[in-house]
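>>> whatever this is, show me its structure:
(one chain, ligands or ions: 1)
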Amino acid sequence: MAVTAPCATCWLDGAFRPLADARISPLDRGFLFGDAVYEVLPCHGGRPFLFHPHLARLERSLREIGLEPPLTRQRWAEVLRGLVAHNQLQDATLYLQVSRGAEWGRNHAPPAQPVPTVFAYATPLPPIDPQQLTEGVSVSTYPDERWARCDIKSTSLLSNVLAKGRAQAAGSFEAILVADGLLREGSSTTVMIVRDGVIVAPPDSPHLLPGTTRDFLFALAGAAGIRVERRDIPLTELLAADEILLAFATRGALPVTQLDGRPVGSDLAAGRPGPVWQRLNNAFHARIKAWANTPFDAP
Ligand SMILES: Cc1ncc(COP(=O)(O)O)c(C=O)c1O
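Here you go, the predicted model:
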């Protein structure tokens, strides 16, 4: 996805301020150790989308690294409302990050009484490239070299960054990570397959991030009478899938039409976005449209 310039006003440690003037200490543990967690949620038609699932995941990440939530959901909602208002946002990406804060010196052991650094900013969301919808995207598989707690949405993303870089150098949109012969997820996406009309995604585990978009798409699929399953997906099954979908907050679902240089699917439909993706995508965008510009009264 093209890099887009961020919006002028951010929120840092309790105040809205120009992003260009925002400063964080070089001794911040987020910078020194990657000792931080984050969330990314979309805003559609001026309304933060799936606020509670994203905030629930942030609270879970914080719990797992032993940090108290620095803000209540009500306060987060005010911060997001403020970002939307200050930057006059319609469609945007909202980014929230909490680090364990700065200390006077470098010490691996977490401080007993951390003062978290809390940061939020927004970026306008570019419209979806229509070619990605008509032709789909290509992906490449790589070994999953990440740590054993990928269920925590940590800013320690070096392996993800390197995998995405390798994929892009190979002309692919996304890196699909595989370990022990099983599909895990993309470098920044949930990966789902379709077999015989059933959508399948790997189950939650420490090896992957519980996707908010995945869960929402599963709910839409259920409402549309499409069966869903959560189970391990061997690499052989990924290679034989009728359809492959990438799910992530800023785009919903994108169809994958090339896997490691080979067309996804079989027969005449091979290498084309599939019918299950099409139905899900229609349902997803109908929901965005229905919710856009409705009051954001969370919590
Ligand atoms: C590693 C990883 N997996 C999956 C996802 C998809 O999560 P969501 O649907 O909440 O965007 C992301 C999103 O950032 C991610 O970074």
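>>> in three-state terms, label the closest residue in space to residue 10 that isn't next to it in sequence for me.
Leaving out its chain neighbours, the residue that sits closest to residue 10 by Cβ to Cβ, 6 or more residues apart in numbering is residue 121, at 3.8 Å. The C-beta positions use only the backbone N, C-alpha and C, and glycine is treated the same way. Three-state assignment for residue 121 (DSSP: H, G, I helix; E, B strand; the rest coil): strand.
>>> so residue 121 bridges to which residues?
Beta-bridge pairing for residue 121 (DSSP bridges): residue 95.
>>> for it, give me its contacts.
6-7, 10-11, 19, 83, 94-95 (Cβ atoms under 8 Å, 6 or more residues apart in numbering).
>>> which bits of the stretch 1-150 of the chain sit near the ligand?
Applying Cβ under 6 Å from any ligand atom, we find that the stretch 1-150 of the chain lies next to the ligand at residue 40.
>>> next, count neighbours for whatever residue of the stretch 1-150 of the chain ends up closest to the ligand.
Nearest residue of the stretch 1-150 of the chain to the ligand: residue 40, at 5.5 Å (Cβ to the nearest ligand atom). Residues within reach of residue 40, counting by other Cβ atoms under 10 Å, total 17.
>>> tell me the bridge partners for it.
Beta-bridge partners recorded for residue 40 (DSSP bridges): residue 95.
>>> that one touches residue 92, doesn't it?
No - counting by Cβ atoms under 8 Å, residue 40 sits too far from residue 92 to count as a contact (10.8 Å).
>>> for the chain, which helix is longest?
helix 275-291 (DSSP state H).
>>> thought residue 86 was touching residue 16?
Yes - Residue 86 lies in contact with residue 16 (Cβ under 8 Å); the separation is 5.7 Å.
>>> where's residue 72 relative to residue 61, distance?
16 Å (Cβ to Cβ, to the nearest Å).
>>> try residue 162
The gap separating residue 162 from residue 61 is 22 Å, by Cβ to Cβ.
>>> of those two, which one has the most company?
Between residue 162 and residue 61, counted using other Cβ under 10 Å, residue 61 has the larger neighbour count: 21 against 15.
>>> how about the contacts made by the more buried one?
Counting by Cβ under 8 Å, 6+ apart, residue 61 touches 37-39, 152-154.
>>> now secondary structure, neighbour count and pLDDT too, for those, in CSV please.
Putting those into CSV (DSSP: H, G, I helix; E, B strand; the rest coil; neighbours: other Cβ atoms under 10 Å; pLDDT from 0 to 100) gives the following:
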residue, secondary structure, neighbour count, pLDDT
37, strand, 27, 99
38, strand, 18, 99
39, strand, 22, 98
152, coil, 17, 98
153, coil, 21, 98
154, strand, 21, 98
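>>> let me see the confidence value for residue 224.
At residue 224, the pLDDT value in this model is 96.
>>> got the contact list for it?
If you count contacts by Cβ under 8 Å, 6+ apart, residue 224 has them with 279-280, 283.
>>> emit the PyMOL select command for whichever of those residues are buried.
Here is the PyMOL selection string for the buried members of these, based on 16 or more other Cβ atoms under 10 Å:
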select buried, resi 280+283
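>>> what about residue 276, how many neighbours?
Residues near residue 276, counting by other Cβ under 10 Å: 23.
>>> now for it: which residues touch it?
By Cβ under 8 Å, 6+ apart, residue 276 lies in contact with 194, 197, 199, 226, 242-243, 245.
>>> which helix or strand contains residue 141?
Following DSSP states H and E, the helix or strand that holds residue 141 is strand 137-143.
>>> what helices or strands is that strand leaning on?
Where contact means 3 or more Cβ pairs under 8 Å, 6 or more residues apart in numbering; DSSP states H and E, strand 137-143 is packed against helix 158-169, strand 174-179, strand 243-248, strand 252-259.
>>> out of the ones you listed, which comes closest to residue 275?
Taking Cβ to Cβ, strand 243-248 is the member of those nearest to residue 275, at 8.0 Å.
>>> alright, I will stop here.
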